[in-house]
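Q: here is the input, now give the coordinates:
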Amino acid sequence: MTLSATACSNDFNGATTGDPQSPVAHPLAGLAEVERLTHPSGAELVVASHGGAVLRWRAPWRRPDGTIGVEDLVDGFADAHELATYDASRSALMAPFVNRLAGGAYVFDGVAHAMAPVVAGEPVPMHGFVRALDWVVVSRTEAARAEDESVVVLGTRVGTEDVAGYPFAVAFEVEYGIGPAGLRVELRATNTGQQDAPVALGWHPYLRVPGHARIDSLELSVPAARAVVTDPGLVPLPGAAAFAEIDGVGPLVLAGARLDHAFAGLRPDVDGRARTVVRDPRTGRGLALWQRGGLVHVYTGDGLARRGRAALAVEPVSTLTNAFNRADCEPDVRLAPGETRRFEAGVELLGQQVGDPA
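A: Numbering: from 1, shown residues only. Here you go, the predicted structure:
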């Protein structure tokens, strides 16, 4: 049996210039515009208007010698080629479906639909098509105090005739919030049409722990009660056969581990957040990807053409891969007219101060 996940995948290296309250020219060959958000702590977020993906997230980081510097914490698109080709879907927003759609086809309310791959060269439609749409700023707030969040909300929408194989009208928003100790992401989808629509939500970040050029000296922990079992095409098996009972994952040393797996039954902490942790076992410094509900995919990046194993993909998703084709996932994806679905996740810094979650 094969455990599930999606073959997925550095850093936004260009500095932005201009008024931080306005979109600024993207430094990567002018392919897109970006939205830049700052915070009094020194944290910074740069988001692509095309696709809405995080190109760069930097935050204050306490180094082993006690000094603090602003460090890059995600491995985003590094150059124009990666951005133009959605290489490895780095920090992509996933909607209206997550991971792969088996055979590029699905049936919803008795009607068969067929969709083409979102990006040329992909074997089937993957990661949803909102990563290929243009997003506009809905609102933004720059924090005046260190304890507040800086927040930007971006939106996009599709109509019933905009995407072949998806004849539904849905408005999407993503809210990004940054502070001195983390990044918060909330995805929202509102059915603006006259009929029910299938909608799933997710996020595809690659997490980078400062001081580690590769993930091999890090360890992983996932608070999961079940692992997802798939066929050779990474599509979950039918019905209950899609799940294998486990007692969590780790702490697992990543050296020698090749993971492309999905996990369900995530156990939340007392604050309602389930945390997948990647950290340096010697120092306790690392990152916790938290989410409210859903599943999480973990990918060690072994199959990447660029920067394999330089960062760990930890992907929170609202439901199972190929959910549009599963009766057991219908409650997860069906969205009634006027209804809004929300999915919240984020990243916390670990080992930075007393009281950090671990």
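
Q: rest of the way, CA atoms for contacts and neighbours
A: Will do.

Q: the closest residue to residue 226 other than its chain neighbours: how many residues sit nearby?
A: Closest residue in space to residue 226, ignoring its immediate chain neighbours: residue 245 at 4.5 Å, by Cα to Cα, 6 or more residues apart in numbering. Other residues lying near residue 245 total 13 when counted by other Cα atoms under 10 Å.

Q: okay, now the residue lying closest to residue 238 once chain neighbours are set aside: neighbour count?
A: Distance criterion Cα to Cα, 6+ apart; nearest residue to residue 238, sequence neighbours excluded, is residue 326 at 7.7 Å. Per other Cα under 10 Å, the neighbour tally for residue 326 reads 17.

Q: which parts of the stretch 251-358 of the chain are strands?
A: 260-266, 274-279, 286-291, 295-299, 312-317, 334-335, 340-350 (DSSP state E, counting those that start in this stretch).

Q: likewise the stretch 101-250 of the chain?
A: So, for the stretch 101-250 of the chain - with DSSP E, counting those that start in this stretch - the strands run 105-108, 111-114, 136-141, 150-158, 170-179, 182-191, 197-198, 202-204, 206-207, 219-222, 224-230, 243-245, 249-253.

Q: next, count neighbours for the nearest residue to residue 151 once chain neighbours are set aside.
A: The shortest distance from residue 151 to any non-neighbouring residue, by Cα to Cα, 6+ apart, is to residue 177 (4.4 Å). Look at residue 177: counted by other Cα under 10 Å, it has 24 neighbours.

Q: residue 177 touches residue 143, doesn't it?
A: No - counting by Cα atoms under 8 Å, residue 177 stays clear of residue 143, with 9.9 Å between them.

Q: anything in contact with each of these two?
A: 149, 150, 151 (Cα atoms under 8 Å, 6 or more residues apart in numbering).

Q: top of the residues you listed by neighbour count?
A: residue 150 leads the shared contacts of residue 177 and residue 143 on contacts (other Cα under 10 Å) with 24 neighbours.

Q: what pairs with that one across the strands?
A: residue 178 (DSSP bridges).

Q: and it, how far is that from residue 274?
A: Going from residue 150 to residue 274 by Cα to Cα, to the nearest Å gives 23 Å.

Q: re the thing from before, need the strands of the stretch 251-358 of the chain in CSV with mean neighbour count, distance to residue 192 and mean pLDDT, can you?
A: Below are the strands of the stretch 251-358 of the chain laid out as CSV (neighbours: other Cα atoms under 10 Å; distance: least, Cα to Cα, whole Å; pLDDT from 0 to 100):
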stretch, mean neighbour count, distance to residue 192, mean pLDDT
strand 260-266, 24, 30, 94
strand 274-279, 26, 31, 97
strand 286-291, 25, 26, 97
strand 295-299, 27, 26, 95
strand 312-317, 28, 22, 96
strand 334-335, 20, 10, 98
strand 340-350, 21, 9, 97
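
Q: do you know which of these lies nearest residue 199?
A: With Cα to Cα as the criterion, residue 199 lies closest to strand 334-335 of those, at 6.4 Å.

Q: one step back: Throw the strands of the stretch 101-250 of the chain into TSV and include distance to residue 288 and mean pLDDT, thanks.
A: Output for the strands of the stretch 101-250 of the chain, formatted as TSV (distance: least, Cα to Cα, whole Å; pLDDT from 0 to 100):
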stretch	distance to residue 288	mean pLDDT
strand 105-108	34	94
strand 111-114	37	96
strand 136-141	25	94
strand 150-158	20	96
strand 170-179	15	97
strand 182-191	9	97
strand 197-198	30	98
strand 202-204	14	96
strand 206-207	9	95
strand 219-222	9	96
strand 224-230	14	95
strand 243-245	23	95
strand 249-253	13	91
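
Q: which of those sits closest to residue 98?
A: strand 202-204 (6.2 Å).
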